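Trainee: next comes the sequence, and after it the predicted model I'd like to discuss.
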Amino acid sequence: MKDMVESVITIGAILTAVTAIASIFLVRMSSKKSHAGYYPNFLLAIVGLLLVLVSSVAPKVDIMGAGFGGLGIACLFASALGFIISSVMDSYKNAEA
């Protein structure tokens with residue numbers, strides 16, 4: 001049980017770092033009216049929801065120490081943090097101060 005929790009946290013942290021870097025890059029390279037910085041987080045949220053839904057139907061699958069549900073939770077966690085990082089970067093970009 002402890003190994004599963006550790007692997008979900010590790011996978012979530014790695015996905016958070018990857019999506020945060022992608023979101024920061026897209027926010028900086030896009031125009032002020034573009035929402036491109038949010039697309040990686042939106043896609044990761046869709047993948048997370050699909051993995052959570054598949055976990056209730058599929059038999060027990062162990063990938064990197066976590067099942068489909070754990071991977072889905074890690075994706076949703078990374079997506080939520082990525083949305084926060086993207087919105088903060090986007091708000092600083094659009095500030096008129």
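Mentor: Perfect, I can see it now. Numbers count the residues shown, from 1 in each chain.
Trainee: sec struct for the residue nearest to Asn94 when sequence neighbours are not counted, please.
Mentor: Take Asn94 and drop its neighbours on the chain: the residue closest to it by C-beta to C-beta, 6 or more residues apart in numbering is Lys32, 5.5 Å away. Heads up, the C-betas are built off the backbone N, CA and C, glycines and all. With DSSP: H, G, I helix; E, B strand; the rest coil as the basis, Lys32 sits in coil.
Trainee: isn't Lys32 up against Lys93?
Mentor: Yes: in this structure, Lys32 is within contact of Lys93 by C-beta atoms under 8 Å, at 6.5 Å.
Trainee: those two: who's more crowded?
Mentor: A direct count of neighbours by other C-beta atoms under 10 Å for Lys32 and Lys93 places Lys93 higher, at 13 against 8.
Trainee: dihedrals phi and psi, Ile63?
Mentor: phi -120, psi 120 (degrees, to the nearest 10).
Trainee: which residues does it contact?
Mentor: Each residue near Ile63 by C-beta atoms under 8 Å, 6 or more residues apart in numbering is listed here: Leu71.
Trainee: quickly list what it is bridged to.
Mentor: On the basis of DSSP bridges, Ile63 is bridged to Ala66.
Trainee: against Ala36, how distant is it?
Mentor: 30 Å (C-beta to C-beta, to the nearest Å).
Trainee: the one residue sitting closest to the centre of the chain sits in which helix or strand?
Mentor: Central residue of the chain (C-alpha atoms, centre = their mean): Ser79, 2.6 Å from the mean position. Element membership for Ser79 (DSSP states H and E) is helix 68-93.
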